[in-house]
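**Student:** no sequence on this one, just coordinates:
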């Protein structure tokens, strides 16, 4: 009986470790997705302001 209990506990610990690893990876991927979204938004705003400046005849420089 003691061997079966040990095996069950080891199995539960392995599942817990796998879940912790999955959660860490999920958190990292989510964080990088937000960072990429922020960078893309900043680039879009910069390009938009440059185009508006060029259309308005301000020389195309950023503000």
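**Tutor:** Arrived safely. Here the structure is a predicted model, which means the values were calculated and not measured. Residues are numbered from 1 along each chain as shown.

**Student:** so where's the chain uncertain?
**Tutor:** 1, 58-63 (pLDDT under 70).

**Student:** tell me where it has helices.
**Tutor:** Counting by DSSP state H, the chain has helices at residues 2-56.

**Student:** now do residue 31 against residue 57, distance only.
**Tutor:** 42 Å (Cβ to Cβ, to the nearest Å). For the C-beta atoms, the positions are set from N, CA and C on the backbone; glycine is no exception.

**Student:** who has more neighbours out of the two?
**Tutor:** residue 31 (10 against 7; other Cβ atoms under 10 Å).
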